[in-house]
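Colleague: compute the structure for the input listed below.
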Amino acid sequence: MVTTTRRLFIDESGDHTYRHLDDLNRRYLALTGVLVRKASYDRLVPDSLERLKRAHFRYDPDDPPILTRSMIVKRKSWFGVLRESARNEAWEIDLIALLTGLQAQIFTVVMDKKVHFEEYGTSSWNPYTYSLSVLLNRVRGYLKINGGTADVMPESRGAREDAQLAAVYAELREDGATGPDGLSFGTGEEYSAAFPHDTLLFRKKEHNVAGLQLADMVCSEQKLLTLDENGRPVAHPCGPFGKRINAAIEQKVNKYGRYLLE
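Modeller: The predicted model follows:
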């Protein structure tokens, strides 16, 4: 059995096709990876997240709340209680505290598919291929410098999308990757050394994985911050709570960990 010292939880925000690129809700694809040491994560994070949920939401241990940004924003299901301003403020304070104390390195890559497609046309890279290649290459570089290996756990998005990501991962470990401009993103040997598992460890929302829920909480906010830093138009700017989230995790964002792809 392959053992690793770290785990990379991956969530996405946005559209992974080249359709409707003038729609700002579909123009960008972001992948966020939350890299943790498995020993400290296993000991602390899942229990801390469940205590947070018990404190703020109706809690059934056989059907626990799953933190999902879109449902929280829309105040759906368990999160309807957040319509009460006092309860919402208490929840936000506690979530920010959990994120502030999280021991992790956070990496986000955002692909501007419109600019990429205008530049490369029919030679454009598959958005998943490009985004995952760059994300894993940056995590690979961190592991090379700091030691250790990682397995990779993305959130399952459906059979077709999962198959796409799995194929990209297998290709990276076999052949490495070279970008559309000829820039190398690492050899197959380098990817295999950093990520020794030969498959991705997909998990669904209902599996209640703490790391994936935390990645979900930060991915959209890191995407919006990346786009703002690069002067790109967005449909909806980062709101006050999103800015608090970004501030809470700023010291955990890797120095090479927020990057715009074109």
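Colleague: what sits against Gly186?
Modeller: Residues near Gly186 by Cβ atoms under 8 Å, 6 or more residues apart in numbering: Leu136, Asn137, Arg140, Leu172, Gly176, Ala177. Yep, even glycine has a C-beta here, placed from its N, CA and C like the rest.
Colleague: thought the fourth one was touching Leu135?
Modeller: When you say that, I think you mean Leu172. No - with contact defined as Cβ atoms under 8 Å, Leu172 does not reach Leu135; the gap is 10.4 Å.
Colleague: now the stretch 51-200 of the chain, which segments are flagged as low pLDDT?
Modeller: Of all residues in the stretch 51-200 of the chain, none has pLDDT under 70.
Colleague: for the stretch 1-150 of the chain, what spans make up the helices?
Modeller: Applying DSSP state H, counting those that start in this stretch to the stretch 1-150 of the chain gives helices spanning 38-56, 69-74, 85-101, 113-120, 127-146.
Colleague: show me what the second one is packed against.
Modeller: Identification of packing neighbours for helix 69-74 by 3 or more Cβ pairs under 8 Å, 6 or more residues apart in numbering; DSSP states H and E yields helix 210-229.
Colleague: same thing with the first one?
Modeller: Helix 38-56 sits against strand 6-14, helix 85-101, helix 210-229, with contacts defined as 3+ Cβ pairs under 8 Å, 6+ apart.
Colleague: wait, isn't Asp228 in contact with Pro237?
Modeller: Yes - Asp228 sits in contact with Pro237 when judged by Cβ under 8 Å, with a separation of 7.1 Å.
Colleague: do you know which of the helices and strands packed on helix 38-56 lies nearest Val253?
Modeller: helix 210-229 (7.4 Å; Cβ to Cβ).
Colleague: and the next helix or strand past that closest one?
Modeller: helix 240-249 (DSSP states H and E).
Colleague: OK, contacts around the spatially closest residue to Glu206 that is not a sequence neighbour?
Modeller: Nearest non-adjacent residue to Glu206, counting by Cβ to Cβ, 6 or more residues apart in numbering: Ile66, 6.9 Å away. Ile66 makes contacts with Lys205, Glu206, Asn208, Gln213, as judged by Cβ under 8 Å, 6+ apart.
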